[in-house]
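Peer 1: give me a 3D structure for the following:
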Amino acid sequence: RDALLHPVRLPSPSPGRNLNPYPNPNPNLIPNPNGSAYPTLFFLIDGRVYPYHHPRTVEAFRGFLSQGHKEAQALSMLSSPFGPVGRARALVSTVGQRLVNLSEWMEKEYEIPKEIAVGLAVLATSFVAVILLVLFIWASLEYDKRKRD
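Peer 2: Residues are numbered from 1 along each chain as shown. Below is the predicted model:
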């Protein structure tokens, strides 16, 4: 109870210390903190998608949102990250990263060769994909059947 009444002083982090409680399993994906490149931001304004390639300041954001987007070229919904192509790319990227994570985990946890771990990860993912496909087809057929009745 006394611990709840008194503030706890945390030590200040030393330079270069990673305080992320969920470290990235793939260190190659961690951006350089001193780098000058950032991921592209996209703004949805009036149902249109605009990429943002300007300074990352509040004033610049406000200017872009109020008038600057009118000078920018809007992306078509088909080619934007929010359209079907962008969503498919995100899905493939996510599944690929999960495969890598799964194979690395199996390699470390069960001490098996990398090639076997990758094969098992692909096999497990394929199995899950087939089950999901069967469930999707079954649900579609049930929906059509109920719609006709």
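
Peer 1: Ser103: neighbour count?
Peer 2: Residues lying near Ser103 (other C-beta atoms under 10 Å) number 22. For glycine as for every other residue, the C-beta is placed from the backbone atoms N, C-alpha and C.

Peer 1: likewise the one 5 residues further on?
Peer 2: For Lys108, the tally of surrounding residues (other C-beta under 10 Å) stands at 10.

Peer 1: so it: helix, strand or coil?
Peer 2: helix (DSSP: H, G, I helix; E, B strand; the rest coil).

Peer 1: so what's it up against?
Peer 2: Counting by C-beta atoms under 8 Å, 6 or more residues apart in numbering, Lys108 touches no other residue.

Peer 1: what about 10 Å?
Peer 2: With contact set as C-beta atoms under 10 Å, 6 or more residues apart in numbering, Lys108 has these partners: Ala117.

Peer 1: so for it, what's the pLDDT?
Peer 2: What the model reports for Lys108 is a pLDDT of 90.

Peer 1: now do Ser12
Peer 2: Per-residue pLDDT puts Ser12 at 50.

Peer 1: before we move on, what about the one 5 residues further on?
Peer 2: In this prediction, Arg17 carries a pLDDT score of 49.

Peer 1: and the lengthiest helix in the chain, what does it pack against?
Peer 2: Using DSSP state H, we find that the single longest helix of the chain is helix 114-148. Applying 3 or more C-beta pairs under 10 Å, 6 or more residues apart in numbering; DSSP states H and E, we find helix 114-148 packed against helix 84-110.
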